[in-house]
Every structure is written in structure tokens, then in C-alpha cells.
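Engineer: I would like the atomic coordinates for the input below:
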Amino acid sequence: MKIALKHCLGPAATLVAFAAGFSLGKPESPGMPAPAMESAHSTGASPGPHPPVAKPAPAERLSDTLAMLDTARRNRRLRDLAAEVSASDPASAWALQAQIAGTADRTEFCQETLTAWSAKDPAAALNAAAALPTGSLRTACLSTALQGLARQDPMAALDYAASQLTGSPRESALTAIVGSWAAQNPPAAADWARQNLSNPGASSTLRAAVATWADSTPAAASQWVAGLPPGDSTTIAVSALVETWAEQTPAETAAWLSSQGVSALTDAPSEALAIQWAASDPLAAAEWAISLPRTMTARASAAHAVGEWAAAAPEEAVAWLSSKAQEIPQLAPALYQSLAAGWAGQDALASAAWVDGLTDPAVQGQSAQSVFNIWASADTDGLSAWIDQHPASPIADHAREQLALSRSDTAPADALSVALQLAEPQAASGLARRIFQDWQARDLSAAGQWAVANPAVARSFQP
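Structural biologist: Sure thing, here's the model as predicted:
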């Protein structure tokens, strides 16, 4: 579908001319001969300025850019080239995209071109995007072109998406359109999104509108959200507001969220706030999280905050949790586990030593599973060495269990060997049986060969 829109042209560019001249010396004195002229070559003086070297053609520069191995640098150069050529001739820039083979590179170039083109001629930009073959590139380009059209005529952009697109392309386009509209008229965009939330493809538009609004004026966005009636749209709006606002001023966000009552303090916004807040003030984030009225929400939010804290300053997180554990018995086990995991991501050895010193067997077991699962995923050799240095004990068995599970897919025979080393016979047999049965399901022949070589152990796996 071709579309034609009336639009205004900007003023013509101003032409600036440059003039150059020579400075004349004093006239020669009467009777004095004029000095002989010497060539620049004979005196060794540098010749006059060289004419400027012509910049390579865009097609040549594009070829050079595509040869770059560094993805980030290549993408940056692609966007720069697209913006430069599109500034004067977007149609010529668009013709260059046919020379780009990779979809990711082509998308970078096309979206930058369409952003500039749609600012000048949104109809032409949209028609170019629509002419692309069906696929991810067309979906991305249509969203970019419609985003540009929405800056001038959001209703025309919405009508196009609703009438010409279906499925994922429609959802992507509507989200982009409403986000672009919200950057200019947030109340109108947010109202449209709330009223059309149930329309096909419009489920993400309210989140886009509120997030865009909150990014620029969170106070106004929060007033609008606070005035919504209870329902699904309010839940979506609260989450979008909090997730965006918390990136700027988490303390203000927390005060607003708490003022909205229990109905607003649900898992998604509370957890998002805790994560964002913990990046700048983990103590405040953790204290706020454990004060939440719903136990499940408090547990999940505080766990996120403590995990983030442990990754940055584990000793501080340990000191805080040690002082709070008795006050929050329903939350503490999850916080110990999250602390252990957050610490293990940075220093698994230190985290394991801390877990080894925990006195509550249940808390120690849960925390150990988190530590050794992360350690086994990152460094199986290091974990194997740690196991070799520790005697048989419950925490060592947790380490063996996670090491065995981490090897069960790639080296099932080794995994069985580790599992059978667990100190508690029933636990060893149960873990080994589970690994062997999974191996049988994937590769019956190889598992059978292992069973022939280890008949006594294989017989113990039989019911």
C-alpha cells in the first residue's frame, strides 16, 4: 500500500561563499633590480597547499566498514555512514542497503537511514520499508518508519499498523508508534494505549507509553497512574512507571509506591525497584524490601537487593543479614541463599568458605546448592580441586552433587563417578540413578556399554 502525506518543507539551506586573496608586498625601490625568482624545488621550500583529497564514495566506505571484525565499531560506522548519506539523499542511502548481506548489519544501516528519511518524508520512508520482503528486517524497518510518521501524525501511523500489519509486526509497530507519540504528548498516548489494550497487538503499548512518560516527567506520569481504576491496565502502568522511575530516583519511587497501598506493592514493580535501588544504595533497598507487607513480595524483593549487594560488597551484606536474620525468620533463608549466589558470582571460593561456617543445616544446604551450582557452571576444575581438599561432609556432598549434575550432559560417565562418591549412600544412589536414566534416554548404546562395564552399580539402579 503506497501512502502520500502532505508535509511542509523546511527553509532552503543558506549558501555560504568563501573568498581567498593574496597579500601584496611593498613596491621595489627605484633603481634596484628585482630579486630573482627561485623555484620552490631549487630552494627546498614546500610547495603550495595540495588540493583536498576526495572522500571515497559511499559504496567504497560501506565495503570497508563491513570488513571490520569488531561488531560494536562496525555498527557504529554503519550508523554514521547511513546518517551522513541520508542527510542529503536518503533514497541513495537506502539503495546502499542492498549491498549488505548480514541481517544484523543491514538492520543497523536501514534503521538509521529510515530515522533520517522519515523526518523529511515519512511517506517515502514507510513505502520503502513496506517493500522489503517479509522477515525480521521488514518488521524492524516498518517500526522505525512508523515511529517517524508518528512524530507528525500518530493517528495515521496507528491506522496503518492496524490495517496493514498482523501478528508480531503489528505488535512491534504499535509499541514503537505509541512510544514515539508519548515522547511528544504522553497523556494522549497513554490514554489511547489504556483504551485499546485489548486490541490485537496492543498489549505492550501501555507499558511503552508510561515508560516513555516516566523517563521525562515521572511526577506527572505517577499522578496519571495513581488516578487509574483497579485492573490489569493499572498493574501494567505501575510496573512500567516504577521500572523506569527507579533508574533515576529509587527513593522517590519507593515512597510513591508505598503510598499506593498494598494493591500496588506486587512482585514485579517491587522486585524491579529493589534491583535498581541496590545498585546505588543496597542498604536502603534491603531495608525497604523487608518492610513490605506481603511476605512473598518482601522475600523476593529483599533477595534481589541482597544478591546485588553481595556481588559488590559481600562483607557488608553478610554483616547486615547477620544482624537482621532473627527479626525476619520467614525471609532469612532466601536471603542467605541469594547472598551466597551473588557472592559466588564474584568469588566462589570465598562464598563457599562463608557457607561452610553457617550453623543451620537447612540454610547451609540451600546456600551451598546456589554456590556450587554457580561454581560448577563457571569452573569445574576449580570446584574439583576444592572437593579434593575437603573431607567427606554435608557441604562437600553438595559440591559433588552440583559438579556431577554439571557434567551429566557432556560427560555422563564422569558424572556418575562423582555422584557415587557422595558420603551418604542413599543420596549417592539416587543421584547416580537419575544421571544414568537421563543418559539412557539420550544415548542408550553408550549407557548400556557403561552398565556392562559396571554391572554391580547398574543393577542397583533397577527398581
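Engineer: rest of the way, CA atoms for contacts and neighbours
Structural biologist: Noted.
Engineer: Mind jotting down where the helices sit in the stretch 51-200 of the chain?
Structural biologist: 58-66, 71-88, 90-96, 103-120, 122-130, 136-152, 154-164, 167-184, 186-195 (DSSP state H, counting those that start in this stretch).
Engineer: wait, the stretch 251-400 of the chain
Structural biologist: For the stretch 251-400 of the chain, the helices defined by DSSP H, counting those that start in this stretch cover 267-280, 282-290, 295-312, 314-324, 332-356, 361-378, 380-388, 394-407.
Engineer: Give me the helices and strands touching the first one, please.
Structural biologist: I take that to be helix 267-280. Other helices and strands packing on helix 267-280, by 3 or more C-alpha pairs under 8 Å, 6 or more residues apart in numbering; DSSP states H and E, are helix 232-245, helix 250-259, helix 282-290, helix 295-312.
Engineer: Single out the most deeply packed of those.
Structural biologist: Among the helices and strands packed on helix 267-280, helix 295-312 has the highest mean neighbour count (mean count of other C-alpha atoms under 10 Å), at a mean of 25.
Engineer: helices and strands around it, which ones?
Structural biologist: helix 267-280, helix 282-290, helix 314-324, helix 332-356.
Engineer: In JSON lines, list those helices along with mean pLDDT.
Structural biologist: Below are those laid out as JSON lines (pLDDT from 0 to 100):
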{"stretch": "helix 267-280", "mean pLDDT": "92"}
{"stretch": "helix 282-290", "mean pLDDT": "97"}
{"stretch": "helix 314-324", "mean pLDDT": "97"}
{"stretch": "helix 332-356", "mean pLDDT": "97"}
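Engineer: Tell me which of those helices lies nearest to Gln369.
Structural biologist: Set against Gln369 and scored by C-alpha to C-alpha, these come closest in helix 332-356, at 8.4 Å.
Engineer: For that closest one, which outside residues touch it?
Structural biologist: The contact list for helix 332-356 (C-alpha atoms under 8 Å, 6 or more residues apart in numbering) reads 299, 302-304, 306-311, 314, 317-318, 321, 325-326, 363-364, 366-368, 370-372, 374-375, 395.
Engineer: go on, stretch 266-285?
Structural biologist: The contact list for stretch 266-285 (C-alpha under 8 Å, 6+ apart) reads 238-240, 242-243, 246-247, 250-251, 253-254, 286, 289, 296-297, 300-302, 304-306, 308-309.
Engineer: For Gln462, give me the pLDDT.
Structural biologist: pLDDT, Gln462: 80.
Engineer: I'd like the helices of the stretch 51-200 of the chain written out as CSV, with mean neighbour count added.
Structural biologist: Formatted as CSV, those follow (neighbours: other C-alpha atoms under 10 Å):
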stretch, mean neighbour count
helix 58-66, 15
helix 71-88, 18
helix 90-96, 19
helix 103-120, 22
helix 122-130, 22
helix 136-152, 24
helix 154-164, 17
helix 167-184, 24
helix 186-195, 20
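Engineer: thinking again about what came up before, most tightly packed of the helices of the stretch 251-400 of the chain?
Structural biologist: Across the helices of the stretch 251-400 of the chain, the average number of neighbours (mean count of other C-alpha under 10 Å) peaks for helix 295-312, which reaches a mean of 25.
Engineer: average model confidence for that helix?
Structural biologist: The average of the pLDDT scores along helix 295-312 is 95.
Engineer: Next: stretch 58-74.
Structural biologist: Across stretch 58-74, pLDDT averages out at 94.
Engineer: how long is that stretch end to end?
Structural biologist: For stretch 58-74, the first-to-last residue distance is 15 Å (C-alpha to C-alpha, to the nearest Å).
Engineer: Now do the contacts for Pro58.
Structural biologist: 81, 85 are the contacts of Pro58 under C-alpha under 8 Å, 6+ apart.
Engineer: Flag the shaky bits of this protein, pLDDT-wise.
Structural biologist: Within the chain, the segments meeting pLDDT under 70 span 1-53, 262.
Engineer: what about stretch 349-363, distance to the chain center?
Structural biologist: 33 Å (C-alpha atoms, centre = their mean, to the nearest Å).
Engineer: mind checking the end-to-end distance for it?
Structural biologist: 18 Å.
Engineer: quick one on the thing from earlier: closest to Ala59 out of the helices and strands packed on helix 295-312?
Structural biologist: Ranking those by proximity to Ala59 (C-alpha to C-alpha) places helix 267-280 first, at 44.1 Å.
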